[in-house]
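In: here's a sequence, model it:
(2 chains)
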Amino acid sequence: MTRSPRRTRRMLQVAGAGAAALLALSACSSSDSGSDTGSDSAKAGSSDSSASSSSKLSGAVTVFAAASLKESFTTLGKEFEKEHPGTKVTFNFGGSDSLAAGITGGAPADVFAAASPKTMKIVTDAGDASGTPATFVRNQLEIATLPGNPDRISSLKDLTRSGLKVVLCDKEVPCGAAVQKALDASSLKLTPVSYEQDVKSALTKVELKEADAAVVYKTDVKAAGDKVEGVEFPESADAVNDYPIALLKDAPNAGAAKAFIELVSSAEGQKVLTEAGFLKP
Amino acid sequence: MRARGRRAPVPLPLLLPALIGLAFLVLPLIALLVRTPWSSLPEQLASTEVWQALRLSLVCATAATAVSLVIGVPLAWLLARVDFPGRGLVRALVTLPLVLPPVVGGVALLMALGRNGVVGQWLDSWFGITLPFTTAGVVVAEAFVAMPFLVISVEGTLRAADPRYEEAATTLGASRFTAFRRVTLPLIAPGIAAGAVLAWARALGEFGATITFAGNFPGRTQTMPLAVYLALQSDPAAAIALSLVLLAVSVAVLAGLRDRWMTAT
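Out: Numbers count the residues shown, from 1 in each chain, chains lettered A, B, ... in the order given. Below is the predicted model of the structure:
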């Protein structure tokens, strides 16, 4: 009888310690998920950085690009690798503001393509860009609705209807800032159900039919195919985002990075981008 | 023997990694304190967003713990006391959310309980209940991630507790439920308390499942970890201030648990 309570306590301590260890483990994995792409690109960036000769490019190029550029930049990356055998383009797509925070925080990247001049300014103000950023495309907003537009949304004002679940980008993200600008310009007040951390997660919520509509970029609606239906709205003309691109000062592979920026601004690159729905600068 | 062992010099191959390990764990927390904008801290903490997020975090973590207690303790009892086929498999399934990346948990919850989910579509069409983007959704996401901690802790305690007390109670005429309520529960109360605190702490820090399943809206689904993550991108000083609050809460939890297992040596 006297033995069992003591054993109970010891077991408790063991169980507690084990559970505490598991708690620590899972806490670690949850913080990983917040910045998952960062570590991948960090690995790729450090793999090779020797080449900067004009004739032969090689090694890894790490490009931090706005989430809305995902499809077109992935295509351009493959083209670049084909044109310059021996190179490897690695992308880190995400909200422009978190990418900018990553770059100023020392993430090893060669190129930064942002979805707004404001987020690019974070990088240039910190002195992390080499030269002046150049605008390479512009992007316009569009409403993404469920396939077939069952809620008959035809204007920005329709989104303010009660009972409609609308998701927007967080105000810190360029697409969210642009939406805010369009709403302010037409003095509309829209309360979404969620402010998503980047444009793709806003779009995903409509693709999964969890939300009835989202305000995203034209390019995102196009990329989503028939999983969403796009609705244009005139106010979007007041909130067109310029996309600047810049070579970074601490680029591990500046030569190849310059060549990638040239490809993006070339006729060939512009063709891929305009086909995806971007507007010419 | 013991005295001699204590006096012998600590071998360097052990001491060095040990010190590195210690620094690795402690340094980030010190850095957080060093970089805290102490002068503007009161102003940062006075903002309504911070209190909104903190209040929501505390309410949701407590609700998630309550949910875990109501359904987790009976589950732990089932696993510890009832011998049924496939018990090992069930136990493995129960602990799966423990090792699952929380974002995956969030996606799985969307598939199950989302408006278009396997179960969620019926919740929506029969009762008009949709969980994503609601505070209830935050509680669901947190309970999903935190409950296994409680179940494991309580099950461990139940296994260690002597079943003969319950057997004695049933022999004396008590039903199995009465024996559980009057004998087992008081016996394992410390284990339940420890599990509840663990689950609460885990729920408080939950990020991945919450942002995936419940979204991010200030005052409704934006808990402290979400606020920290989004503030970091625009206003690092605010993120540090928010982190400091969470750190303080964590230290308080540890201090409260100190007697339980921090003094295990």
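In: ok so A:Phe64 is a helix residue?
Out: No - A:Phe64 is assigned strand when assessed by DSSP: H, G, I helix; E, B strand; the rest coil, not a helix.
In: for chain B, see how far away it is.
Out: Distance check for A:Phe64 against chain B: by Cβ to the nearest Cβ, to the nearest Å, it reads 13 Å. In this view, the C-beta of every residue, glycine as well, is placed from N, C-alpha and C.
In: who's in contact with the one residue in chain A that gets nearest to chain B?
Out: Of all residues in chain A, the one sitting closest to chain B is A:Ser194 (2.8 Å; Cβ to the nearest Cβ). Residues near A:Ser194 by Cβ atoms under 8 Å, 6 or more residues apart in numbering or on different chains: A:167-168, A:205, A:211, B:133, B:214-217, B:221.
In: distance of it from A:Leu168?
Out: 8 Å (Cβ to Cβ, to the nearest Å).
In: same deal with B:Asp162?
Out: Applying Cβ to Cβ to B:Asp162 and A:Leu168 gives a distance of 58 Å.
In: look at these two and report which has more neighbours.
Out: A:Leu168 (27 against 15; other Cβ atoms under 10 Å in any protein chain shown).
In: tell me which element the residue lying closest to B:Arg87 once chain neighbours are set aside falls in.
Out: Distance criterion Cβ to Cβ, 6 or more residues apart in numbering or on different chains; nearest residue to B:Arg87, sequence neighbours excluded, is B:Leu79 at 6.6 Å. In the assignment (DSSP states H and E), B:Leu79 maps to helix B:48-81.
In: for that helix, the distance to its chain's centre please.
Out: With Cα atoms, centre = their mean, to the nearest Å as the basis, helix B:48-81 stands 8 Å off its chain's centre.
In: quick one: mean pLDDT for that helix?
Out: Per-region confidence: helix B:48-81 scores 93 on mean pLDDT.
In: could you do stretch A:171-184 as well?
Out: Averaging pLDDT along stretch A:171-184 yields 88.
In: what comes up buried for that stretch?
Out: Buried residues in stretch A:171-184, defined by neighbour count with 16 or more other Cβ atoms under 10 Å in any protein chain shown: A:172-183.
In: how about that stretch as CSV, C-alpha atoms only?
Out: C-alpha atoms of stretch A:171-184 as CSV (Å, rounded to 0.1, in the frame of the first residue of the first chain):
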residue,chain,number,x,y,z
LYS,A,171,-3.3,45.1,-45.1
GLU,A,172,0.5,44.8,-44.9
VAL,A,173,0.6,42.7,-48.0
PRO,A,174,0.5,44.6,-51.4
CYS,A,175,-2.7,43.0,-52.6
GLY,A,176,-4.4,44.0,-49.3
ALA,A,177,-3.1,47.5,-49.5
ALA,A,178,-4.4,47.8,-53.1
VAL,A,179,-7.8,46.5,-52.0
GLN,A,180,-7.9,49.1,-49.2
LYS,A,181,-7.0,51.8,-51.7
ALA,A,182,-9.9,50.7,-54.0
LEU,A,183,-12.3,50.6,-51.1
ASP,A,184,-11.3,54.0,-49.9
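In: after the strand ranked longest in chain A, next one along is what?
Out: Scanning chain A for the longest strand, with DSSP state E as the assignment, gives strand A:129-139. Using DSSP H and E, the helix or strand that follows strand A:129-139 towards the C-terminus is strand A:141-145.
In: what's the following helix or strand after that next one?
Out: Heading C-terminal from strand A:141-145, the first helix or strand you meet, by DSSP H and E, is strand A:166-169.
In: still on that earlier bit, tell me which of the buried residues of stretch A:171-184 fall in strands.
Out: Per DSSP E, the subset of the buried residues of stretch A:171-184 in strands is empty.
In: now the residues you listed as JSON lines including distance to chain B?
Out: What follows is these, written out as JSON lines (distance: Cβ to the nearest Cβ, whole Å):
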{"residue": "A:Glu172", "distance to chain B": "4"}
{"residue": "A:Val173", "distance to chain B": "8"}
{"residue": "A:Pro174", "distance to chain B": "12"}
{"residue": "A:Cys175", "distance to chain B": "14"}
{"residue": "A:Gly176", "distance to chain B": "11"}
{"residue": "A:Ala177", "distance to chain B": "11"}
{"residue": "A:Ala178", "distance to chain B": "16"}
{"residue": "A:Val179", "distance to chain B": "15"}
{"residue": "A:Gln180", "distance to chain B": "14"}
{"residue": "A:Lys181", "distance to chain B": "17"}
{"residue": "A:Ala182", "distance to chain B": "20"}
{"residue": "A:Leu183", "distance to chain B": "16"}
